[in-house]
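I would like to see how this sequence folds:
(2 chains)
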Amino acid sequence: MSNIKYIIGSFGDPDELMHGIDKLQENNISIYDVYTPMPIHGIEAKLGVKRSRLDVAAFFFGITGTITMLTGVYLATVVDWPLNIGGKTHFALPDFIPITFELTILFCAFGLVGSYYASTHLFPGRAPRVMDLRATNDRFVIAVDAKENADHAKIDELLKGAGALEVKYNERKYISYE
Amino acid sequence: MGTHHYNLAEQFEFTGKVRNLSIIGIVIGLAAIGYGFASGASERTFANLLLMAYYFACVCMSAAFFLAVQFVAQAGWSASILRVPQAMARTLPFAVIILLLVIGLGLYSHNLYHHWHAEGLIDPNSPNYDNLIAGKSVFLNVPFFMTRQVVFLGIYSIFAYSVAKWSYNEDLNGGLESYRKSFKNSCIFLVIYGFTTPIFAFDTIMSLEAHWFSTMFGWYNFAAMWVSSLAAIAVILILLRKAGYMSWVNNSHLHNLGQLIFGFSIFWTYVWFAQFLLIYYANMSEETVYFYKRFESYEFWFYLNLAMNFLAPLLLLMDRDNKRSEKMLLFVSIVVLCGHWVDYYQMIMPGIFEHGTKDGSGFGIIEVGVALGFLGLFTFTVLNALSKKALAPKNHPFLQESLHHHL
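Okay, the predicted model is just below:
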């Protein structure tokens, strides 16, 4: 019994999963995480998931792109090689708005892909690790930390009562796809 | 999902303070027009009338465009708020009559469009002969110009009137017949609207300065009228909700409208800037004259335009919580609505009044009064149309989806 790390409740229906979350929360059983093959409306609020900080990262990646481009343009057109083009000032800002915009987006997109991989521990060549293989296919899964919540029989009963098709006791946290 | 008990048959009662205020607005407008003509500033009064009549018609016809977009996209989220754009679409025929009156009277009294419609402009023997205008006279002549106006605005009005009528019929008869009819005609309308609004904008606004032309101008106007219509819909919805109507409108509906206002404000800026950038880059004198006039005597308005229509929505609506906040969305929508008044002011006034003349435009009683007058007229006619029918289209096939809308 003591080797069990996570209890996995596997549901076939998103509404039953939501019901299961309610039941567990009513009984003060902390939920480690929930895995679903599709987004479910309102689940973040119910689980109290903190808002993603990806937008903050996006801002800083974007502003880096803006500064990089404007600096590059300034160095090229003012410092290094000033040219008189149509009598405009050397640093003719409107001309370089489109390219600055492009570089902002480029930095932002690349930066976000990198942040996403870093935060989800994904990178090329690594086998993804999941807690239940069918959570990416047709099952809606609630994972409960077995060490923190001692009353396993009750968890089992609550999950099954809410409509879980299967309750697993995993001794390892992750199953690899390998 | 809990069961909701909304009163879908509730109707807006157009009485009391709002009604009185809108009538006061109309009276102020009439007084301002009277003052304008009495003080001899007939050209300036006509310019303001054109500005506001154009704004009024554009907001209403973009509401018809909104309806068409929702039908063609088979959008579900908006089903429960459609009565507001429908009321605006229902007002379009009235707005069109006013716009046609202003254009017609302005044209024949030589207060508007005298740049291409004046004695001897296309007569090679006349001292007034203008080579460029003569070259454009195949397109820019009074009969063809008025025909285009009547045909385009007529088509928009007929669609706007019918698309609202089908929805009212749906309330009575149920079934999918009205929806299918709306879908089919919306597809046709969008094609017509897409090709004709640029020409409508060229005619009504760009031809005030007939020497200058820009192919971006049509889309620039389209973006302006579309975003101001979205803002008007948001304002009406929020105020109705505050007054206790349409309790089914939730933050997710506001979020969607906020996204549209945010997105199309950026689109407006993109077109506005693209028009400026091409002219700035090419630096050809026949094109730069447009911005020369605006920088010379309207510089404040020029930058105010950008601040109100780009910076305000960009900075204030970027955040998700702000889009969902009633207060913030209301504030930004009002800023955008005022901003597009400034935008149209920028388009119209420098073209009519030569810089440095005594009869030049300004910002005074006529501007404020005419704007208030049309605001009152818009409020009165739209709310009057809204009060005629139930506030929810109860037989709309996507109504339940809209009532449960959640982002």
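
drop to CA atoms for contacts and neighbour counts, all remaining ones
Will do.

and the helix or strand of chain B with the lowest mean pLDDT, anywhere near chain A?
Counting by mean pLDDT, DSSP states H and E, chain B has its least confident helix or strand at helix B:285-297, which shows a mean of 87. No: judged by C-alpha under 8 Å from any C-alpha of the partner chain, helix B:285-297 makes no contact with chain A; its nearest approach is 12.1 Å.

and the residue of the stretch 251-400 of chain B nearest chain A?
Residue nearest to chain A within the stretch 251-400 of chain B: B:L277 (6.4 Å; C-alpha to the nearest C-alpha).

Flag every buried residue along whichever helix or strand comes after the least confident helix or strand of chain B.
For helix B:285-297, the following helix or strand on the C-terminal side (DSSP states H and E) is helix B:299-306. For helix B:299-306, burial by neighbour count (16 or more other C-alpha atoms under 10 Å in any protein chain shown) applies to B:301-302, B:304-306.

What is the distance between whatever helix or strand comes next after helix B:299-306 and the centre of its chain?
Once helix B:299-306 ends, the next helix or strand along the chain (criterion: DSSP H and E) is helix B:312-317. For helix B:312-317, the separation from the chain centroid amounts to 20 Å (computed by C-alpha atoms, centre = their mean, to the nearest Å).

CA atoms only: put helix B:312-317 into PDB for me.
Listed next in PDB are the C-alpha coordinates belonging to helix B:312-317 (Å, rounded to 0.1, in the frame of the first residue of the first chain):
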ATOM      1  CA  ALA B 312      -6.600  53.700 -26.300                       C
ATOM      2  CA  PRO B 313      -8.000  50.300 -27.500                       C
ATOM      3  CA  LEU B 314      -4.500  48.900 -27.800                       C
ATOM      4  CA  LEU B 315      -3.500  49.700 -24.300                       C
ATOM      5  CA  LEU B 316      -6.800  49.400 -22.500                       C
ATOM      6  CA  LEU B 317      -8.400  46.400 -24.300                       C
END
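
other SSEs contacting that helix?
helix B:251-282, helix B:326-352 (3 or more C-alpha pairs under 8 Å, 6 or more residues apart in numbering or on different chains; DSSP states H and E).

What I need now is those helices written out in CSV, including mean pLDDT, distance to B:L386 and mean neighbour count for each item.
Shown next, in CSV, are these (pLDDT from 0 to 100; distance: least, C-alpha to C-alpha, whole Å; neighbours: other C-alpha atoms under 10 Å in any protein chain shown):
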stretch, mean pLDDT, distance to B:L386, mean neighbour count
helix B:251-282, 94, 19, 19
helix B:326-352, 94, 20, 21
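
Out of those helices, which gets nearest to B:I238?
helix B:326-352 (6.6 Å; C-alpha to C-alpha).

Let me know the distance separating B:I188 from A:P98.
In this view, B:I188 and A:P98 are 35 Å apart by C-alpha to C-alpha, to the nearest Å.

can you list the residues of chain A near chain B?
Counting by C-alpha under 8 Å from any C-alpha, chain A sits next to chain B at A:41, A:86, A:94-95.

For the residues you listed, which entry has the maximal number of neighbours?
Per-residue neighbour counts (other C-alpha atoms under 10 Å in any protein chain shown) across the residues of chain A next to chain B peak at A:P94, which has 15 neighbours.

Centre of chain A to the edge, which residue is at the far end?
A:G87 (50.4 Å; C-alpha atoms, centre = their mean).

Surely that residue is in a helix?
No: A:G87: not assigned to a helix; according to DSSP: H, G, I helix; E, B strand; the rest coil it is coil.

Show the pLDDT at it.
A:G87 is assigned 83 on the pLDDT scale.

Break the chain into its domains for me.
Answering for chain A, as no chain was given. Here the domain parsing of chain A from automatic domain parsing is A:6-51+A:128-176, A:54-120.

I was after chain B.
Using automatic domain parsing, chain B is parsed into the domains B:42-211, B:214-353.

In contact with B:C60, which residues?
B:85, B:88-89, B:91-92, B:95, B:229 (C-alpha atoms under 8 Å, 6 or more residues apart in numbering or on different chains).

Regarding the residue in chain A that chain B sits nearest to, which helix or strand does it belong to?
Relative to chain B, the nearest point of chain A is A:P94 (6.4 Å; C-alpha to the nearest C-alpha). Using DSSP H and E, A:P94 sits within helix A:93-120.

B:C58 now?
helix B:42-72.

State the mean pLDDT of that helix.
For helix B:42-72, the mean confidence score works out to 95.

One more: stretch A:169-178?
78.

before we move on, what about stretch B:224-233?
96.

So which residues make contact with it?
By C-alpha under 8 Å, 6+ apart, stretch B:224-233 touches B:55, B:58-60, B:62-63, B:84-85, B:257, B:260-261, B:264-265, B:268, B:333-334, B:336-337, B:340, B:343.

what about the residue of chain B most remote from its centre, which SS state?
Distance to the chain centre peaks in chain B at B:N125, reaching 41.6 Å (criterion: C-alpha atoms, centre = their mean). Following three-state DSSP, B:N125 is assigned to coil.

Tell me which stretches of the stretch 101-250 of chain B form helices.
B:131-136, B:142-173, B:177-204, B:217-242 (DSSP state H, counting those that start in this stretch).

I misspoke; the intended subject was chain A.
A:14-26, A:43-47, A:54-74, A:93-120, A:152-162 (DSSP state H).

Just name whatever secondary elements the fourth one is in contact with.
With contacts defined as 3+ C-alpha pairs under 8 Å, 6+ apart, helix A:93-120 has these neighbours: helix A:54-74, helix B:251-282.

Tabulate these (CSV), appending distance to B:Y168.
Formatted as CSV, those follow (distance: least, C-alpha to C-alpha, whole Å):
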stretch, distance to B:Y168
helix A:54-74, 43
helix B:251-282, 22
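
how close does B:A234 get to chain A?
24 Å (C-alpha to the nearest C-alpha, to the nearest Å).

Tell me who's in contact with that residue.
B:254, B:257, B:329-330, B:333 are the contacts of B:A234 under C-alpha under 8 Å, 6+ apart.

and if we set it to 10 Å?
Contacts for B:A234 were tallied using C-alpha atoms under 10 Å, 6 or more residues apart in numbering or on different chains; they are B:81, B:84, B:228, B:240, B:253-254, B:257-258, B:261, B:326, B:329-330, B:332-334.

Among the residues you listed, which one lies nearest to A:Y6?
Closest to A:Y6, out of all of these and judged by C-alpha to C-alpha, is B:H253, at 39.6 Å.

What's the separation between the closest one and B:S325?
Counting by C-alpha to C-alpha - B:H253 and B:S325 are separated by 11 Å.
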